[in-house]
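Chemist: only geometry, no sequence info:
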């Protein structure tokens with residue numbers, strides 16, 4: 001029952017963010033809004049990390065299942081993609097490298113900040 005409640009928190013946030021996204025005067029993805037709301041809930045302490053950790057760990061470990069439907073749906077657009085295959089490949093390669101570098105530098109920054117925080121605690 002505990003896992004259900006923890007999962008319910010994420011689904012409620014996603015549901016609310018999708019509703020908010022519908023009423024915004026400009027297009028904005030509900031999933032991005034859900035991440036922002038979740039971050040705000042965590043930063044304010046309204047939701048604790050330990051409440052979401054088991055569910056988020058599960059989703060990270062099983063991430064391939066999350067992307068499976070979108071990957072399979074690409075098959076229905078093969079006729080369109082075949083006419084722009086080179087452009088599609090170039091975009092895929094460029095975005096892969098951009099994602100790689102952004103992730104690498106995000107991790108590098110996070111490690112730096114954590115080490116700085118750790119040193120500050122040790123010196124205090």
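Modeler: Arrived safely. Predicted model, so just to flag it, every value in this text is computed and none were measured.

Chemist: C-terminal to the helix or strand containing residue 67, what's the next element?
Modeler: Residue 67 belongs to helix 63-73 when assigned by DSSP states H and E. As assigned by DSSP H and E, the chain's next helix or strand after helix 63-73 is helix 78-83.

Chemist: any idea how far that following helix is from the chain center?
Modeler: Between the centre of helix 78-83 and the centre of its chain there are 28 Å (C-alpha atoms, centre = their mean, to the nearest Å).

Chemist: which residue is nearest the middle of the protein?
Modeler: residue 35 (6.6 Å; C-alpha atoms, centre = their mean).

Chemist: Quick one: mean pLDDT over the helix or strand that contains it.
Modeler: Following DSSP H and E, the helix or strand that holds residue 35 is helix 30-44. Taken as a whole, helix 30-44 has an average pLDDT of 91.

Chemist: Would you mind listing the buried residues in the following helix or strand past that helix?
Modeler: Sequence order places helix 49-61 as the next helix or strand after helix 30-44, per DSSP H and E. By 16 or more other C-beta atoms under 10 Å, the buried positions in helix 49-61 come out as 51, 52, 55. Just so you know, the C-beta spots here come from the backbone N, C-alpha and C atoms, and that holds for glycine as well.

Chemist: Quick one: list the elements packing against helix 49-61.
Modeler: Applying 3 or more C-beta pairs under 8 Å, 6 or more residues apart in numbering; DSSP states H and E, one finds that helix 49-61 makes contact with helix 2-23, helix 30-44.

Chemist: now it, how far from the centre of its chain.
Modeler: 12 Å.

Chemist: Just want the angle from it to helix 63-73.
Modeler: 50 degrees (axes from the mean of the first three to the mean of the last three C-alpha atoms, to 10 degrees).

Chemist: count of residues packed around the residue nearest to residue 88 when sequence neighbours are not counted?
Modeler: Nearest residue to residue 88, sequence neighbours excluded (C-beta to C-beta, 6 or more residues apart in numbering): residue 81, at 5.7 Å. By the criterion of other C-beta atoms under 10 Å, residue 81 has 13 neighbours.
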